[in-house]
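Next input, structure requested:
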Amino acid sequence: MRQQLNIDRIYPKKSLGQNFIHDKNFLEKLSNKLLINNETNIIEIGPGKGALTEYLIQKTNKNIFLIEKDNNLFTILKKKYLNLKKIHIINEDALKLDYELAFKNQNVIIVGNLPFNISTQLLMRWIETSWPPFYDKMYLMFQKEVAERIISKHNSKKYGKLSVIAQTRFSIRKILTAPSSIFTPEPKVDGIVLEFRPKSDYKSVNLKKLQFILTKSFSQRRKKIKTSLKEYVEILKANNIDENQRAENLSIEEYNKISKFV
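Below is the predicted model of the structure:
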């Protein structure tokens with residue numbers, strides 16, 4: 001039997017971007033949308049007081065790894081799950097953990113109510129891993145504006161570097177909106193939970209080259225690409241890419257084509 005603790009005195013730390021989910025209806029809805037079988041190992045990023053963890057426990061017979069940087073929360077979680085052998089709590093910064101070393105060759109899904117202040121950095125960390133990655137799928141919470149940038153399609157004002165890089169690596173879908181009212185403290189913006197499924201369409205892409213082209217394009221996004229990518233005009237023509245378009249008009253496929261010639 002798990003040890004019952006009074007954790008009401010543990011408050012979110014602004015310095016760590018902590019926002020705890022307190023709404024059980026939302027947690028149940030989210031849990032129902034997580035496609036996890038009972039043979040899946042789960043990595044939960046930023047478990048806080050274990051609100052979502054309680055639902056994850058019911059979804060797998062395998063191991064659940066809780067990555068918690070906050071020392072106070074780490075201590076609380078250790079005591080809370082003292083007698084549950086499948087729970088492993090790691091007191092580590094999620095940005096610094098060597099995931100590939102720790103979780104390679106396992107059936108792994110990442111789940112996280114990510115701190116909004118490091119969410120993009122964490123996503124890029126998991127994008128820049130070797131490919132195919134060590135995980136099978138990810139369910140991640142982002143600030144609404146960031147999530148909309150991630151899933152935005154070309155010809156949109158929200159479409160940018162992050163959109164291209166994320167969609168080069170993943171099939172992405174929105175699974176749930178997280179109103180600000182479900183959090184403590186209540187942030188000024190809503191969140192969105194996205195599902196990421198790794199794909200192999202561009203598995204041979206050189207991400208550094210792709211990022212280089214994207215930086216050149218979107219740092220001058222109001223200029224036509226014949227100006228921002230003037231060194232590659234012949235490549236554009238050879239690949240039937242209209243040089244009079246702007247950065248936001250090029251598709252994922254077109255950016256990946258250009259990056260091959262960098």
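
where does His88 land in three-state SS?
At His88, secondary structure determined by DSSP: H, G, I helix; E, B strand; the rest coil is strand.

Report the beta-bridge partners for it.
Legend: beta-bridge partners of His88 under DSSP bridges are Phe65.

contacting residues for the closest residue to Ser130 other than its chain neighbours?
The spatial neighbour of Ser130 that comes closest, neighbours along the chain excluded (CB to CB, 6 or more residues apart in numbering), is Glu100 at 6.7 Å. All C-beta atoms are positioned from the backbone trio N, CA, C, and that covers glycine. Contact analysis of Glu100 by CB atoms under 8 Å, 6 or more residues apart in numbering lists 129-130, 134.

Among the residues you listed, which one has the most neighbours?
Phe134 (19 neighbours; other CB atoms under 10 Å).

Tell me how far it lies from Leu101.
Using CB to CB, to the nearest Å, Phe134 is found at 9 Å from Leu101.

Spit out the contact partners of the nearest residue to Arg169 once chain neighbours are set aside.
Among residues not flanking Arg169 along the chain, Ile127 sits closest, at 5.2 Å (CB to CB, 6+ apart). With contact set as CB under 8 Å, 6+ apart, Ile127 has these partners: 165-166, 169, 207.

Helices of this protein, start to end?
Remark: helices assigned in the chain by DSSP state H are 24-33, 53-56, 71-80, 99-103, 119-127, 144-151, 161-169, 207-218, 225-228, 233-238, 252-259.

Give me the buried stretch members for the fifth one, please.
Neighbour counts over helix 119-127 (16 or more other CB atoms under 10 Å) mark 119-120, 122-123, 126-127 as buried.

Show me which of those is closest to Asn63.
Nearest to Asn63 among the buried residues of helix 119-127, counting by CB to CB, is Trp126 at 18.8 Å.

Farthest-apart pair in the contacts of Ile127, please.
Across the contacts of Ile127 (CB to CB), the longest gap, 11.4 Å, separates Ala166 and Leu207.

So the two - more neighbours on which side?
Under the neighbour definition other CB under 10 Å, Ala166 and Leu207 were set side by side, and Ala166 has more, 21 against 16.

these two touch, right, the more buried one and Ile150?
Yes: here Ala166 lies in contact with Ile150, judged by CB atoms under 8 Å, at a distance of 4.9 Å.

Could you name every residue contacting both of the two?
Joint contacts of Ala166 and Ile150 (CB under 8 Å, 6+ apart) are 123, 172.

Quick one: neighbours of the residue nearest to Ser31 when sequence neighbours are not counted, just the number.
Leaving aside its sequence neighbours, Ser31 sits nearest to Tyr55 (CB to CB, 6+ apart; 3.8 Å). By other CB under 10 Å, 17 other residues sit near Tyr55.

And for the one 3 residues further on?
Gln58 has 9 neighbours, counted by other CB under 10 Å.

what residues are up against Ala166?
Taking CB under 8 Å, 6+ apart, one finds 123, 127, 150-151, 172, 196 in contact with Ala166.

same question but for Ser228, I mixed them up
216-217, 219-221, 247.

How much space separates it from Glu234?
Look at Ser228 and Glu234: by CB to CB, they are 15 Å apart.

Thr53 too?
From Thr53 to Glu234 the distance is 55 Å (CB to CB).

Dead centre of this protein: give me the residue that sits there.
Leu123 (4.1 Å; CA atoms, centre = their mean).

now it: how far from Asn83?
34 Å.

What of His22?
25 Å.

related to what we said a few turns ago, quick one: which two of the contacts of Ala166 are the most distant?
The two members of the contacts of Ala166 with the most space between them (CB to CB) are Ile127 and Ile151, at 14.5 Å.

that older thread, residues contacting the residue nearest to the centre of the chain?
Going by CB under 8 Å, 6+ apart, Leu123 touches 140, 142, 150, 166.

repeat that for 10 Å
112, 114, 138, 140, 142, 146, 150, 162, 165-166, 169-170, 194, 196 (CB atoms under 10 Å, 6 or more residues apart in numbering).
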